[in-house]
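In: what's the 3D shape of this:
(2 chains)
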Amino acid sequence: DTEVTQTPKHLVMGMTNKKSLKCEQHMGHRAMYWYKQKAKKPPELMFVYSYEKLSINESVPSRFSPECPNSSLLNLHLHALQPEDSALYLCASSQDEGTGGVDGAFFGQGTRLTVV
Amino acid sequence: GEDVEQSLFLSVREGDSSVINCTYTDSSSTYLYWYKQEPGAGLQLLTYIFSNMDMKQDQRLTVLLNKKDKHLSLRIADTQTGDSAIYFCAVRTFSGAGSYQLTFGKGTKLSVIP
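Out: Okay, here's the model as predicted:
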């Protein structure tokens, strides 16, 4: 199983809503990541978890709150988002914190988020 | 920090070879990757090359690395319409405190003409 599964695939939320994005992998990877991708742009790193501990936070606003309940799951809690936060949110995992390791990082299909 | 550059567009005829180029700035980069992204989808890891290699071949894909010039290329032989997508070059870079991250190029949109 080389899949990273993200739910939901699409999400529309108001600026006062609270929602969560979920990510799951069963490859035994110990590093998991959240990326944000705007249209026609490359992915931008948001957070890195290594062995269930947050190791990198790329100065992301506090309205995005990551959580890693166990080594297979990664959540991104959203609260009081702005319309400019609308984007594709990608989860990835890799064997180590190298956002690559030897085999590279495996990405999920993403959650298309629209903030209205 | 690392800077990764790619041309934005490439158009080829079906059956021809496609060559997508990438340049990077950090000579200490150890792993270099190619990802494919189809519309509305996530990134699919296509292949990678370690910095002590010059070439890697995997079926229709050939990766060439010129470490001296910091130039990476992806050749797709016998390009098919299903190869139409955006291709991202990504370089593993050291981000301090014993950790690394991927730095992506802006992506090359490959259009295959039937």
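In: Now do the same contact list for residue 66.
Out: By default, I'm working from chain A. Going by CB atoms under 8 Å, 6 or more residues apart in numbering or on different chains, A:Pro66 touches A:Trp34, A:Met46, A:Phe47, A:Tyr49, A:Leu54, A:Leu74, A:Asn75, A:Leu76, A:His77. For the C-beta atoms, the positions are set from N, CA and C on the backbone; glycine is no exception.
In: hm, I was asking about chain B
Out: B:Asn66 neighbours (CB under 8 Å, 6+ apart): B:Asp54, B:Leu72.
In: which residue sits closest to A:His29 in space, ignoring its chain neighbours?
Out: Closest residue to A:His29 apart from its sequence neighbours, by CB to CB, 6 or more residues apart in numbering or on different chains: A:Ser93 at 3.9 Å.
In: out of the contacts of A:Pro66, which are buried?
Out: Burial by neighbour count, 16 or more other CB atoms under 10 Å in any protein chain shown: within the contacts of A:Pro66 this picks out A:Trp34, A:Met46, A:Phe47, A:Tyr49, A:Leu74, A:Asn75, A:Leu76.
In: The residue nearest to A:His29: which element?
Out: Here A:Ser93, judged by DSSP states H and E, is contained in strand A:87-94.
In: buried ones in the helix or strand of chain A with the lowest mean pLDDT?
Out: Every helix and strand of chain A was ranked by mean pLDDT, DSSP states H and E. The lowest is strand A:53-57, at a mean of 87. For strand A:53-57, the neighbour count (16+ other CB under 10 Å) marks A:Ile56 as buried.
In: Parallel or antiparallel, which strands does it pair with?
Out: The strands beside strand A:53-57 in its sheet (DSSP bridges) come out as strand A:44-50 (antiparallel).
In: what does the strand it pairs with rub up against?
Out: Contacts for strand A:44-50 (CB under 8 Å, 6+ apart): A:30-38, A:54-58, A:60, A:64, A:66, A:68, A:74, A:76, A:96-97, A:99, B:99, B:101-102.
In: need the strands for the chain, in chain order.
Out: No chain in the question, so chain A it is. For chain A, the strands defined by DSSP state E cover A:4-7, A:10-13, A:18-25, A:31-37, A:44-50, A:53-57, A:64-70, A:73-79, A:87-94, A:106-107, A:111-115.
In: actually it's chain B I care about, not the one you picked
Out: B:4-6, B:9-13, B:18-24, B:31-37, B:43-50, B:55-58, B:61-66, B:71-76, B:85-96, B:99-104, B:108-113.
In: got the ones you listed as a markdown table, with mean pLDDT columns?
Out: Formatted as a markdown table, those follow (pLDDT from 0 to 100):
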| stretch | mean pLDDT |
| --- | --- |
| strand B:4-6 | 95 |
| strand B:9-13 | 97 |
| strand B:18-24 | 97 |
| strand B:31-37 | 94 |
| strand B:43-50 | 92 |
| strand B:55-58 | 94 |
| strand B:61-66 | 96 |
| strand B:71-76 | 97 |
| strand B:85-96 | 86 |
| strand B:99-104 | 79 |
| strand B:108-113 | 97 |
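In: tell me the mean pLDDT over the strand holding A:Ser93?
Out: Mean pLDDT, computed over strand A:87-94, is 94.
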